[in-house]
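Enquirer: sequence below, structure please.
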Amino acid sequence: MKGIKYIIPLLLIVCSLSVFGQESKQLKNRKKMLAKQEVSKEKAKEKAIEDGKKRHRNIQTKAVKKRMKKQQKKSTALNRKRSGKKKSFFARIFGGK
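Expert: Numbers count the residues shown, from 1 in each chain. Presented below is the predicted three-dimensional model:
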């Protein structure tokens, strides 16, 4: 009998905590919808940047386009070369050429 007066309030507390711990369907749907909106905003942002780059290239003269293309090739080749053959910090300081 003495144990029952402690067990009943304990059970009520545990049941109330489990009820508050559940998320409602509306809250889950809202979170899902916000995540989808975030993804769509990111895609729209990337598309706007790409469109801006494309427009920038299209308004250049033929000579400038040619220079840009040549510079892009040089830059890509240089970056590829650097990434594969970059020496460590100590090798650059103590090693010769």
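Enquirer: who are the packing partners of the host helix or strand of residue 52?
Expert: Secondary structure assignment for residue 52, by DSSP states H and E: helix 25-58. For helix 25-58, there is no helix or strand it packs on, judged by 3 or more CB pairs under 8 Å, 6 or more residues apart in numbering; DSSP states H and E. Yep, even glycine has a C-beta here, placed from its N, CA and C like the rest.
Enquirer: quick check, distance from that helix to the centre of its chain.
Expert: On the basis of CA atoms, centre = their mean, to the nearest Å, the separation between the geometric centre of helix 25-58 and that of its chain is 12 Å.
Enquirer: next one: stretch 54-68
Expert: Using CA atoms, centre = their mean, the mean C-alpha position of stretch 54-68 is found 31 Å from that of the whole chain.
Enquirer: the bottom helix or strand of the protein by mean pLDDT?
Expert: The element with the least model confidence among the helices and strands of the chain, by mean pLDDT, DSSP states H and E, is helix 4-20, at a mean of 73.
Enquirer: with just CA atoms, put that helix into CSV.
Expert: Written as CSV, here are the backbone C-alpha positions of helix 4-20 (Å, rounded to 0.1, in the frame of the first residue of the first chain):
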residue,chain,number,x,y,z
ILE,A,4,1.4,2.4,-4.5
LYS,A,5,1.3,6.1,-3.5
TYR,A,6,4.8,6.4,-5.0
ILE,A,7,4.2,4.3,-8.1
ILE,A,8,1.1,6.1,-9.3
PRO,A,9,2.6,9.6,-9.4
LEU,A,10,5.7,8.2,-11.0
LEU,A,11,3.7,6.5,-13.8
LEU,A,12,1.7,9.7,-14.4
ILE,A,13,5.0,11.7,-14.8
VAL,A,14,6.4,9.1,-17.2
CYS,A,15,3.2,9.1,-19.3
SER,A,16,3.1,12.9,-19.5
LEU,A,17,6.7,13.0,-20.6
SER,A,18,6.1,10.5,-23.4
VAL,A,19,3.1,12.5,-24.6
PHE,A,20,5.1,15.8,-24.7
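Enquirer: how close does residue 4 sit to residue 74?
Expert: According to CB to CB, to the nearest Å, residue 4 and residue 74 sit 85 Å apart.
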